[in-house]
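> Sharing a model prediction with you, sequence too.
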Amino acid sequence: MSREQKLSEIIADHSGREGPLIPILHDVQEEFGCVDEEAEQAIAAALNLTRAEVHGVVSFYHDFKPKADPRPVVQICRAESCKSRGVEALIADAEQAAGARVKLHTVYCLGLCSSGPNARVGDRLHARLDSAALVKLIENA
Amino acid sequence: MTIIRISDDALARACGADELAAAFARKGHEIQRVSSWGMHWLEPLVEIDGKGFGPATLADIDAILDGSSGLAIGTIADHPFIASQQRLTFARAGKTRPLNLEDYEATGGWAGLRRARLIGSDAIIEELLASGLRGRGGAGFPAGIKWKTVAGATADQKYIVCNADEGDSATFADRMVMEGDPFQLIEGMAIAGEAVGASKGYVYIRSEYPDAIAKMQAAARISAQIVAPFVVEIRVGAGAYVCGEETSLLNSLEGKRGEVRAKPPLPALKGLFGKPTVVNNVLTLTAVPHILTGGGAAAYAELGMGRSKGTMPIQLAGNIRHGGLYETAFGITLGELVNDIGGGTASGRPVKAVQVGGPLGAYLHPDQFDIPFDYEAYAAVDALIGHAGLTVFDDTADLRAMARFAMEFCAAESCGKCTPCRIGSTRGVELIDRIATGGRVLAGVETAPQMHNMPKQGRSQDDEIQLLEDLCDTMKFGSLCALGGFTPYPVMSALKHWPDDFRK
Ligand code: SF4
Ligand code: FES
């Protein structure tokens, strides 16, 4: 199936829904790894919005990326509770382990705040990390 | 063959519960995946015949099975951490399988909804008002009044929106409800629908909670027949902290940028798609089934103190020995929570500060440990209860760094609608950096001749601190929503109680 077809299929999946834009953007991001200009245009046309409106929404939310990044992502929580449990001391090691191969991404809270430092890889969460565990996680990502 | 109960809560899983359950299953035992008791320092907690073992690893399996394990904590329900609580919202925690309808029914599930449908709108709202239930999302607004306004509005369509965009550090109660007792939330929403005449409900869950999203989607599907004609739909956020603010959440649901809307109009009158809408937090809605059954509104109102009624699920987080979820009536002191129940710091060092209420909450000093958990008592010392999350810090914490982080966080998450928040937060970071380096000297670009309104002289560290206080004042009173308006709480409290961290 061409990209174009896939796009219109995703959009069609949400027809009849109230306020379908964010669910559509999630599916597009999931399918293509990004929401690029072409996708914005197609969505705008289908929902009778301007491209600027769609772009305004896409750029507002942290989850949507304008360009696909093929690197594996490791999300590290650096919010207060994880800070109080020493996450900042792990960052240098994490960066070194990640190098250019893995993308490290800061998040503010994964909801495991009693057991930090915590990280997320895909839909898997990891708690009580120390430097060795985090480095291993990054190496296996 | 033994029946082994292990939680499938995200935290237990992140600590290895899945691997543990698989290993027990390979040995031929029956595994039941239940909700979490909330004793997070013991997760993954293995339960056999009511007795607990935790935190368990793969290496402990044989010893647990033959009863020789040193991880034994005795009967879980009798553990002081559990036995000393007053659990209403979390009454089923640890006891039921989250997506099992029989378990839910057997523990009183749907009784609130059945009764609600019997007594009708006016009587439901009467009971909610009598219970004194206040919104658990932070602001503490009486839930009954909100519902009454929506019930009184005339419209062809009304909505119930559940705010499950729990983005605050140190808060995980919403997540635990959605993962551990999802039907209770759906029941609360259906009762709200019955009360105000809404046929559709949305649960807006942050995208950082994959487990909660999956559980709620399954629960909505499984219970669709039971709550019909009320319909529940799960929506996933897109990584914007500010969408926890009710009006930006509504914009996001409508497919717009999550910018905050000015009030009025109140969402109760013009909310989602311009229709009358109840927006309540997860914990508010899950308290409702209990109020309609259990001991009823009067018994609920008897718990707590002053105008803070009922129980609050308090989340013990950060550098704390016994972290987890602790539900109790309002009125308990901060010191009891941190020292007696939480067991002090996990590191064993002295407590330096406790942030209450998430990233926008104040840092409290151990001198303030006798403050009772009560909305008004916290407001009186310039602090917030918020979503009742506690982050404990030991004496290695640098409160200037935490104040800087508060500003940085505000800058990263600002929706950009109003100036004090959008610009003030960035200037706040710079200001705290200048405080750190002892003040502002005239150098570089600031002495460039073309800058007519450049400062004529440098500023001392004290001048900069004064300026930070002014900036906080401007943000507090000039911001449209809690993000910009409350960021001064952590900053000012840090400055007030730990001035040495700033002046060093
Ligand atoms: S305070 Fe900040 S987040 Fe709130 S409306 Fe203003 S700019 Fe937006
Ligand atoms: S603060 Fe890190 S998981 Fe909540």
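It's in. Ligands and ions are numbered 1, 2, ... in the order given.
> For ligand 2, see how far away B:Leu468 is.
25 Å (C-beta to the nearest ligand atom, to the nearest Å). For glycine as for every other residue, the C-beta is placed from the backbone atoms N, C-alpha and C.
> count of residues packed around that residue?
Counted by other C-beta atoms under 10 Å in any protein chain shown, the residues lying close to B:Leu468 total 23.
> Next up, the contacts around it.
The contact partners of B:Leu468, taken as C-beta atoms under 8 Å, 6 or more residues apart in numbering or on different chains, are B:428, B:431-432, B:435, B:491, B:495.
> Can you give me the distance of it to ligand 1?
Here B:Leu468 is placed at a distance of 18 Å from ligand 1 (C-beta to the nearest ligand atom).
> re earlier: name the member of the contacts of B:Leu468 with the most neighbours.
B:Val491 (29 neighbours).
> tell me which element residue 120 is part of?
Since no chain was named, I'll use chain A. With elements taken from DSSP states H and E, the one containing A:Arg120 is strand A:119-121.
> nope, chain B
If you go by DSSP H and E, B:Gly120 is part of helix B:111-131.
> likewise B:Asn280?
Judged by DSSP H and E, B:Asn280 forms part of strand B:277-281.
> Please list all residues in contact with the residue nearest to B:Ala219 when sequence neighbours are not counted.
Leaving out its chain neighbours, the residue that sits closest to B:Ala219 by C-beta to C-beta, 6 or more residues apart in numbering or on different chains is B:Pro182, at 3.5 Å. Counting by C-beta under 8 Å, 6+ apart, B:Pro182 makes contact with B:98-99, B:215-216, B:218-219.
> if we go to 10 Å?
B:35, B:98-99, B:104, B:203, B:212, B:215-220, B:222-223, B:234, B:286 (C-beta atoms under 10 Å, 6 or more residues apart in numbering or on different chains).
> Phi first, then psi, for it.
phi -60, psi -30 (degrees, to the nearest 10).
> Now for the nearest residue to B:Ala238 once chain neighbours are set aside: which residues touch it?
Take B:Ala238 and drop its neighbours on the chain: the residue closest to it by C-beta to C-beta, 6+ apart is A:Tyr61, 3.6 Å away. By C-beta under 10 Å, 6+ apart, the residues touching A:Tyr61 are A:22, A:25-26, A:29, A:35, B:207, B:237-240, B:243, B:252, B:257-258.
> ok, now with 6 Å
When contacts are counted by C-beta atoms under 6 Å, 6 or more residues apart in numbering or on different chains, A:Tyr61 is found next to B:238-240.
> Neighbour-wise, which one of the residues you listed leads?
Counting neighbours by other C-beta under 10 Å, the top entry in the contacts of A:Tyr61 is B:Ala240, with 24 neighbours.
> Which phi and psi values does the closest residue to that residue other than its chain neighbours adopt?
Closest residue in space to B:Ala240, ignoring its immediate chain neighbours: B:Gly258 at 4.7 Å, by C-beta to C-beta, 6+ apart. Torsion angles at B:Gly258 (phi, psi; degrees, to the nearest 10) stand at phi -80, psi 50.
> And B:Gly258, how far from ligand 2?
Applying C-beta to the nearest ligand atom, the value for B:Gly258 to ligand 2 is 21 Å.
> on that earlier part again, remind me what the strand holding B:Asn280 packs against, helices and strands.
Secondary-structure packing of strand B:277-281 (3 or more C-beta pairs under 6 Å, 6 or more residues apart in numbering or on different chains; DSSP states H and E): strand B:159-164.
> Direction-wise, compare the strand it packs on with strand B:277-281 and give the angle.
For strand B:159-164 against strand B:277-281, the angle by axes from the mean of the first three to the mean of the last three C-alpha atoms, to 10 degrees is 20 degrees.
> Now do the helix or strand following strand B:159-164 and strand B:277-281, the angle between them.
Next in sequence after strand B:159-164, counting helices and strands by DSSP H and E, comes helix B:173-180. Interaxial angle, helix B:173-180 versus strand B:277-281 (the same axes, to 10 degrees): 90 degrees.
> close to ligand 2, is helix B:173-180?
No: counting by C-beta under 6 Å from any ligand atom, ligand 2 has no neighbours in helix B:173-180; the shortest distance is 9.9 Å.
> who touches that helix?
For helix B:173-180, contacts defined as C-beta under 6 Å, 6+ apart pick out A:111, B:9, B:35-36, B:93, B:98, B:164, B:166, B:185, B:209, B:211-212, B:215-216, B:282-283, B:286, B:313, B:315, B:325.
> What is the distance between it and the centre of its chain?
Mean-position distance between helix B:173-180 and its chain equals 10 Å (C-alpha atoms, centre = their mean, to the nearest Å).
> Okay, and A:Pro66 sits in which element?
Using DSSP H and E, A:Pro66 is not contained in any helix or strand.
> With B:Gly386 instead?
Using DSSP H and E, B:Gly386 falls within no helix or strand.
> which residue packs closest to it, ignoring adjacent ones?
Nearest residue to B:Gly386 in three dimensions, chain neighbours excluded: B:Gly357, at 2.7 Å (C-beta to C-beta, 6+ apart).
> ok so, going back, mind listing which of the contacts of B:Pro182 are in strands?
Judged by DSSP state E, the subset of the contacts of B:Pro182 located in strands is B:203, B:234.
> By neighbour count, sort out the buried ones in the contacts of B:Pro182.
B:35, B:98-99, B:104, B:203, B:212, B:215-217, B:219-220, B:222-223, B:234, B:286 (16 or more other C-beta atoms under 10 Å in any protein chain shown).
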